[in-house]
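1. no FASTA, just this:
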């Protein structure tokens with residue numbers, strides 16, 4: 001299966017929810033009237049495209065009808081695709097990581113979002129592209145998180161900096177900074193805790209980790225990557241706003257797109273947050289974390 005087919009397969013649930021329903025909605029000689037607009041609105045909102053995108057889309061369709069540019073309901077799909085690409089293209093900024101100098105990525109996100117797995121897959125891809133990789137187990141509250149990171153380190157050939165459970169995450173990061181000062185010249189990926197029920201504690205802790213990195217290594221972290229679970233739909237948008245305000249996120253990874261009909265949320269995240277989507281996760285395999293491409297994404301969804 002080629003890369004595009006794999007993406008298309010990964011987006012099946014969203015495509016079924018969106019495209020099949022849209023095709024049914026505009027099937028035959030549907031009149032472009034308020035009843036159609038109401039159904040279209042309901043469809044867009046249920047696909048988690050968000051109220052703003054939905055409103056703008058319907059206004060665009062109405063204006064085109066007025067200007068006689070749109071005479072047939074089946075053309076709505078083309079308008080939708082154009083608007084989606086326009087928003088998503090602005091957010092299509094692959095992560096560019098220079099070789100032979102330290103580059104620190106701090107991975108943040110709530111527990112269960114697929115953060116540690118994403119780190120493992122990203123480490124695998126970086127190793128394959130010839131980068132040295134060092135993993136840092138700064139989620140010291142869950143023994144499972146440390147163990148999981150060690151398993152990934154073993155799989156992809158990346159050493160892991162860790163301390164025992166419940167150690168101060170900042171101390172683990174301090175150790176990792178020592179390795180860079182000692183001459184490590186690759187990519188450092190820091191796994192962090194994600195317990196949301198104590199939001200203030202979590203955010204203070206993440207700020208502390210970020211401060212230690214910045215103090216020890218001026219200019220770092222170069223990337224703060226927020227891992228979001230696409231199956232949570234609108235909640236992912238709320239989380240993204242929160243992490244952006246509190247920590248300052250520079251890029252997003254949207255995981256579990258294969259498990260949801262809410263893949264439209266990527267449009268909402270891009271439109272409402274203006275944060276680049278660096279990667280999307282469309283399956284369990286090592287190669288299923290892939291750089292985000294707006295053209296491929298919309299084609300896989302709508303064609």
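-> Received the coordinates, thanks. Keep in mind that this is a model prediction, so the values were computed, not measured.
2. low pLDDT regions in the chain?
-> By pLDDT under 70, the low-scoring segments of the chain are 1, 197-198.
3. quick check: longest helix in it by residues?
-> In the chain, with assignment by DSSP state H, the single longest helix is helix 199-216.
4. how far out from the middle of the chain is the helix or strand that that helix is followed by?
-> Sequence-wise, the next helix or strand downstream of helix 199-216 (DSSP states H and E) is strand 223-229. Put simply, strand 223-229 sits 6 Å off its chain's centre (CA atoms, centre = their mean, to the nearest Å).
5. ok, residue 145 - contacts?
-> 116, 137, 139, 191, 193 (CB atoms under 8 Å, 6 or more residues apart in numbering). (Glycine included, C-beta is placed from N, CA and C.)
6. most surrounded residue in those residues?
-> Using other CB atoms under 10 Å as the neighbour test, those are led by residue 191, with 29 neighbours.
7. and that residue, what are its bridge partners?
-> Residue 191 has the following beta-bridge partners by DSSP bridges: residue 107, residue 137.
8. pretty sure it is touching residue 118, no?
-> No. Counting by CB atoms under 8 Å, residue 191 stays clear of residue 118, with 9.6 Å between them.
9. quick revisit: how big is the angle separating the longest helix of the chain from strand 223-229?
-> 150 degrees (axes from the mean of the first three to the mean of the last three CA atoms, to 10 degrees).
10. and helix 199-216, how far out from the chain's middle?
-> Per CA atoms, centre = their mean, the centroid offset for helix 199-216 relative to its chain is 21 Å.
11. ok, stretch 122-131 next?
-> The answer for stretch 122-131 is 19 Å, by CA atoms, centre = their mean.
12. now do stretch 180-187
-> 27 Å.
13. got it, and stretch 156-164?
-> The answer for stretch 156-164 is 24 Å, by CA atoms, centre = their mean.
14. between the two ends of that stretch, how far is it?
-> For stretch 156-164, the first-to-last residue distance is 22 Å (CA to CA, to the nearest Å).
15. cool, stretch 18-32 as well?
-> 19 Å.
16. kindly report the same for stretch 285-294.
-> 22 Å.
17. quick one, helices of this structure?
-> Using DSSP H, helices in the chain cover 3-10, 12-15, 21-25, 34-46, 51-66, 76-90, 115-128, 143-156, 169-181, 199-216, 234-246, 265-273, 294-302.
18. tell me the most buried of these?
-> helix 265-273 (a mean of 24; mean count of other CB atoms under 10 Å).
19. now do it against helix 234-246: the angle between them, please.
-> For helix 265-273 against helix 234-246, the angle by the same axes, to 10 degrees is 30 degrees.
20. residue 122 and residue 8, how far apart?
-> Plainly put, residue 122 is 23 Å away from residue 8 if you go by CB to CB, to the nearest Å.
21. oops, could you answer that again for residue 154 instead?
-> 33 Å.
22. of all the helices of the chain, which one is nearest residue 97?
-> helix 115-128 (7.1 Å; CB to CB).
23. and that closest one, how far out from the chain's middle?
-> Counting by CA atoms, centre = their mean, helix 115-128 comes out at 14 Å from the chain centroid.
24. tell me what angle that helix forms with strand 223-229.
-> Using the same axes, to 10 degrees: helix 115-128 against strand 223-229 is 130 degrees.
25. check which helices and strands helix 115-128 sits against.
-> strand 103-108, strand 133-137, helix 143-156, strand 187-191, strand 251-255, strand 277-281, strand 289-291 (3 or more CB pairs under 8 Å, 6 or more residues apart in numbering; DSSP states H and E).
26. what's stretch 51-66 in contact with?
-> Counting by CB under 8 Å, 6+ apart, residues outside stretch 51-66 touching it are 32, 37, 40-41, 44-45, 49, 70-71, 76, 79-80, 83, 87, 267-268, 271-272.
27. mind listing what residue 38 touches?
-> Contacts of residue 38 by CB under 8 Å, 6+ apart: none found.
28. so how far is residue 54 from it?
-> 11 Å.
29. kindly report the same for residue 48.
-> 10 Å.
30. isn't residue 262 up against residue 235?
-> No. At 9.8 Å, residue 262 does not count as touching residue 235 under the criterion of CB under 8 Å.
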